[in-house]
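S.K.: test case, fold it:
(3 chains)
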Amino acid sequence: MIDLRSLAQQIDVDFEGKPIAISGLNTLNDATSSELSFLENKKYVDQLQKTKAGAIFVTANMAVHVPEGSIAVIVDEPYLSLAKASKLFAPALFDIEAPAAVVGEGSYIAEGANLANSATIGKNCTIMPGAFIGRGAVVGDNTIIHSNVSIYHDCKVGSDCIIHASAVIGSDGFGFATTKLGTHVKIYQNGNVIVGDDVEIGASVAVDRAVFGSTEIKEGVRIDNLVHIAHNCVIGEYSVLVAQSGIAGSTTLGRNVVMGAQSGTVGHITIAPFTTLAARTGVTKAITESGKTFAGFPMMDHKTWLKLQAKIARLIK
Amino acid sequence: MIDLRSLAQQIDVDFEGKPIAISGLNTLNDATSSELSFLENKKYVDQLQKTKAGAIFVTANMAVHVPEGSIAVIVDEPYLSLAKASKLFAPALFDIEAPAAVVGEGSYIAEGANLANSATIGKNCTIMPGAFIGRGAVVGDNTIIHSNVSIYHDCKVGSDCIIHASAVIGSDGFGFATTKLGTHVKIYQNGNVIVGDDVEIGASVAVDRAVFGSTEIKEGVRIDNLVHIAHNCVIGEYSVLVAQSGIAGSTTLGRNVVMGAQSGTVGHITIAPFTTLAARTGVTKAITESGKTFAGFPMMDHKTWLKLQAKIARLIK
Amino acid sequence: MIDLRSLAQQIDVDFEGKPIAISGLNTLNDATSSELSFLENKKYVDQLQKTKAGAIFVTANMAVHVPEGSIAVIVDEPYLSLAKASKLFAPALFDIEAPAAVVGEGSYIAEGANLANSATIGKNCTIMPGAFIGRGAVVGDNTIIHSNVSIYHDCKVGSDCIIHASAVIGSDGFGFATTKLGTHVKIYQNGNVIVGDDVEIGASVAVDRAVFGSTEIKEGVRIDNLVHIAHNCVIGEYSVLVAQSGIAGSTTLGRNVVMGAQSGTVGHITIAPFTTLAARTGVTKAITESGKTFAGFPMMDHKTWLKLQAKIARLIK
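M.R.: Sure, this is the predicted structure:
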């Protein structure tokens, strides 16, 4: 907990308001009365008016919309202030004083595996050489973590999972505020990743931790090699992500979505359950109807894409 | 070896036939008289009629095509039964009772390198810190394995090779059977990877092990960073795979094929020797004539692609 | 230093000229009087005529253009001779006799981190388990190197940087000379990588070392997961490379360039400052005007690309 006035002072913001204790940062929608939020873009003024946040970074002209019960902290660039404040809540990468990792019965921890203090490994797991399990991270039962996998602090991996070599679970999401001078201020990624049960993750996959809350890989998901999953994504149950596909931040896939090889999607959208994306599809907007197949970039219905290719074939004859 | 009746029992299949010993799983074409195979798709009935497999998972209506000398094991979903059976033949990831790794004369094994029991390293090799060489894996002479590379159990790397940091050789192929409920049952990947002599493999490349048999990278191949090679591919001699290209399962490249950056190909095809694929090419079907250059997605002759781009340029003027 | 006659002998080249000492290899433009260069393509004859190189591999018919003060070494295939010579100058991967790594005050070196002899770590750094810092490599102050990162020999990382798990800094560039028989001879990559201050590099990013000189990531750059940066690239200050983008060799980005997800660019070009490349853009030629936005493959002005998509949408109705 950091006192709001102390917080303001540490990031060079003038603030003389109420001295409340801040436990962390969050979005307008999700923030609780001990959390600090922000409004950067006035199109989210509705969210501002309904927020439960304890305090909010806002520009002077938007302060009028801050609801009663929330404290307005007036700043010129709310997103930049958020970035600066995020560093104050960044969890430690290690804790040399914490108790040693706990390992469940029947688990094999190879020589050369690295378990941080306060990590927890379930029963009958296999942790191969060079694998790293971070501070406070939890691995369920019967899970195999292959060599040189990295599971960052505070992330959770379920039971009956297999994570292949060099995969990374919980690296920082790609978040920063850009100043008027064009430099970038890191937004510390203070959330985590939660991987459900019976998930298989391929070699050199990267799953970023959430900025707030959790990036989620739900039960039964299958992820092929070299796939990128950005912060705050939710991958629905039994979805299948084929090699070299990528998902931008805060996108939610319903259950049993199939993303073909080298496909990708923009951030901040929802893809309906049972959607199939052909290889190389570039999803540019939300998919609301279940069970359809898409292709192309920009994405279109798969049948339309086939027709388009036929037209193109005639064009070049 | 597992008795066929015991195997059936373990995967909840009713089978009261001949008690033969099964040594492993394989395709209809390659299975021997001690191996178990399957027919999922009736278009392969020809292969079924000619198979030498000791036993075969088939649906009741296809049992009539099982050749004399092979045993039909009647199941509702042959591919799913194969998946369940594959687990019974999965090789161990480690063997704490096996003899320590053998290292040839003149080799440098850095502190922090992890050699599993029963691994074999040739002469004059360099194994850098964090590299992992799995159980039963073999590395030839004069080969350099950079830091944090993972070479899974039973894989073979030739002589005079260089494998760059974080590369993964022998991770599981992306194989599973999907149930009617949409859940996935892993097909254990019981094959390996064989890398020939004088091969260079870039940073964070992923080469999956075969489901049966071997994924092969032949002599003199050059692989750039972040390339994906799926299970059961064969990369012909002296082929060049540029960064971020990807090859789906069971595709065979002839010798001296060049795949440009970010190109890709579908699985289960053959690409003729001396084929050149421009950057971003998406190969959608077999290439049978040697020495040609392709581009685009769907792939077309490179000259045609250039004409198409010229037409498009006029279209937007 | 290697005597030129000894060098020639070691690579089976007939040479009976002046016995000068060669310190290394370089391009015609950058070579000094103790360096050896080459002319493969006669379109660079201007560079040959102005070179300061001590000696030059040239074909017999081009020897007349070698300037006074430089020694012509006549060969059939200059690029192939360069490749063979490059091996003679390859720096050692390790040095067991060098002094142990030096670690600055306040730095935390996790158990399981691997610091090579003669590496240097600044003050207040965090080096996580499985990270490898190579011989002669230097890390500045306050930098965080996450688990299983590899920093090859002789590379430099600035202060206030964060490098995420499994990233690779300094792997060999993708360089080789192809013989008439189609085999490949490695061009040893004898340069390094220099990463400036305040740079963040994502999980499983690969940055190749230069063949000569340095690959450079300048101050304030942000690199997302699974990005590929080839040898001899220069990434300008505050540039932003989104996930799975790739940059081919010897390309220079100006400051504040933004490369969208899954975008790519050819090699040997310059991209003007403040250029924005939409996701999937494929840059095919130099961008000389600052501050513009591009899209498509082949690349075009972003507005043109939007018009093209509108035309295509009408085409398929």
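
S.K.: I'd assumed A:Lys311 was in a helix, is it?
M.R.: Yes - applying DSSP: H, G, I helix; E, B strand; the rest coil, one finds A:Lys311 inside a helix.

S.K.: burial count for the closest residue to it other than its chain neighbours?
M.R.: Among residues not flanking A:Lys311 along the chain, C:Leu315 sits closest, at 6.2 Å (CB to CB, 6 or more residues apart in numbering or on different chains). Backbone N, C-alpha and C define where each C-beta goes, glycine included. Residues lying near C:Leu315 (other CB atoms under 10 Å in any protein chain shown) number 13.

S.K.: try A:Glu289
M.R.: When neighbours are counted by other CB under 10 Å, A:Glu289 comes out with 8.

S.K.: how near is the spatially closest residue to it that is not a sequence neighbour to A:Ile235?
M.R.: Nearest non-adjacent residue to A:Glu289, counting by CB to CB, 6+ apart: A:Ala272, 5.8 Å away. Look at A:Ala272 and A:Ile235: by CB to CB, to the nearest Å, they are 14 Å apart.

S.K.: where do the helices of chain A begin and end?
M.R.: According to DSSP state H, chain A carries its helices in the segments A:4-10, A:45-50, A:78-86, A:302-315.

S.K.: so which of those helices is the most packed in?
M.R.: Comparing the helices of chain A by mean neighbour count (mean count of other CB atoms under 10 Å in any protein chain shown), helix A:78-86 ranks first with a mean of 22.

S.K.: do that helix and chain C meet at all?
M.R.: No - using CB under 8 Å from any CB of the partner chain, helix A:78-86 stays clear of chain C, with a minimum separation of 12.4 Å.

S.K.: off-centre distance for that helix?
M.R.: 18 Å (CA atoms, centre = their mean, to the nearest Å).

S.K.: how about the helices of chain A, which one is nearest B:Leu115?
M.R.: helix A:78-86 (42.1 Å; CB to CB).

S.K.: what's the closest one packed up against?
M.R.: Here helix A:78-86 touches strand A:24-25, strand A:35-38, strand A:55-58, strand A:176-178, strand A:184-186, going by 3 or more CB pairs under 8 Å, 6 or more residues apart in numbering or on different chains; DSSP states H and E.

S.K.: and those as a markdown table, adding distance to chain B, mean pLDDT and mean neighbour count?
M.R.: As requested, the helices and strands packed on helix A:78-86 are exported to a markdown table (distance: least, CB to the nearest CB, whole Å; pLDDT from 0 to 100; neighbours: other CB atoms under 10 Å in any protein chain shown):
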| stretch | distance to chain B | mean pLDDT | mean neighbour count |
| --- | --- | --- | --- |
| strand A:24-25 | 32 | 97 | 21 |
| strand A:35-38 | 35 | 98 | 26 |
| strand A:55-58 | 38 | 98 | 26 |
| strand A:176-178 | 23 | 98 | 19 |
| strand A:184-186 | 24 | 98 | 20 |
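
S.K.: just send those strands back as CSV, with distance to A:Ile2 too.
M.R.: Formatted as CSV, those follow (distance: least, CB to CB, whole Å):
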stretch, distance to A:Ile2
strand A:24-25, 9
strand A:35-38, 9
strand A:55-58, 11
strand A:176-178, 19
strand A:184-186, 18
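
S.K.: show me the one of the ones you listed that comes nearest C:Leu80.
M.R.: strand A:184-186 (44.0 Å).

S.K.: now A:Tyr79, nearest residue through space, not along the chain?
M.R.: A:Glu40 (4.2 Å).

S.K.: pretty sure that neighbour contacts A:Ala83?
M.R.: No - using CB atoms under 8 Å, A:Glu40 is not in contact with A:Ala83; the gap is 10.7 Å.

S.K.: span of stretch A:187-203 from start to end?
M.R.: Start and end residues of stretch A:187-203 are separated by 27 Å (CA to CA, to the nearest Å).

S.K.: what mean pLDDT does that stretch have?
M.R.: Stretch A:187-203 carries an average pLDDT of 98.

S.K.: does that stretch reach chain C?
M.R.: No - residues of stretch A:187-203 contacting chain C under CB under 8 Å from any CB: none, with a closest distance of 9.5 Å.

S.K.: got phi/psi on the residue nearest the centre of chain A?
M.R.: In chain A, the C-alpha nearest the mean C-alpha coordinate belongs to A:His231, at 2.2 Å (CA atoms, centre = their mean). Phi and psi for A:His231, reported as degrees, to the nearest 10, are phi -60, psi 140.

S.K.: excluding residues flanking it in the chain, which one is nearest it?
M.R.: Looking at A:His231 with CB to CB, 6+ apart, the closest residue is A:Gly173, at 2.6 Å.

S.K.: same check on A:Asp3?
M.R.: Leaving out its chain neighbours, the residue that sits closest to A:Asp3 by CB to CB, 6+ apart is A:Pro19, at 5.5 Å.

S.K.: I'd say the one you found and A:Arg5 touch.
M.R.: Yes - using CB under 8 Å, A:Pro19 is in contact with A:Arg5, at 5.3 Å.

S.K.: how about the residues of the stretch 201-317 of chain A near chain C?
M.R.: A:204, A:206, A:208, A:226, A:228, A:230, A:244, A:246, A:248, A:262, A:264, A:266, A:282, A:297-298, A:300, A:304, A:307-308, A:311.

S.K.: buried only: go through those for me.
M.R.: Buried subset of those (neighbour count, 16 or more other CB atoms under 10 Å in any protein chain shown): A:204, A:206, A:208, A:226, A:228, A:230, A:244, A:246, A:248, A:262, A:264, A:266, A:282, A:297-298, A:300, A:304, A:308.

S.K.: look up how far B:Ile2 lies from A:Met62.
M.R.: Using CB to CB, one obtains 69 Å as the distance from A:Met62 to B:Ile2.

S.K.: just A:Gly173 next, same as before
M.R.: In this view, A:Gly173 and B:Ile2 are 46 Å apart by CB to CB.

S.K.: more crowded one of the two?
M.R.: Set side by side, A:Gly173 and B:Ile2 show more neighbours around A:Gly173, with 28 against 16, by other CB under 10 Å.

S.K.: returning to what we had before: show me the contacts for the residue nearest to A:His231.
M.R.: A:187, A:189, A:191, A:208-211, A:215, A:230-232, A:249 (CB atoms under 8 Å, 6 or more residues apart in numbering or on different chains).

S.K.: I'd like to know which of the residues you listed is nearest to chain B.
M.R.: A:Asp208 (16.3 Å; CB to the nearest CB).
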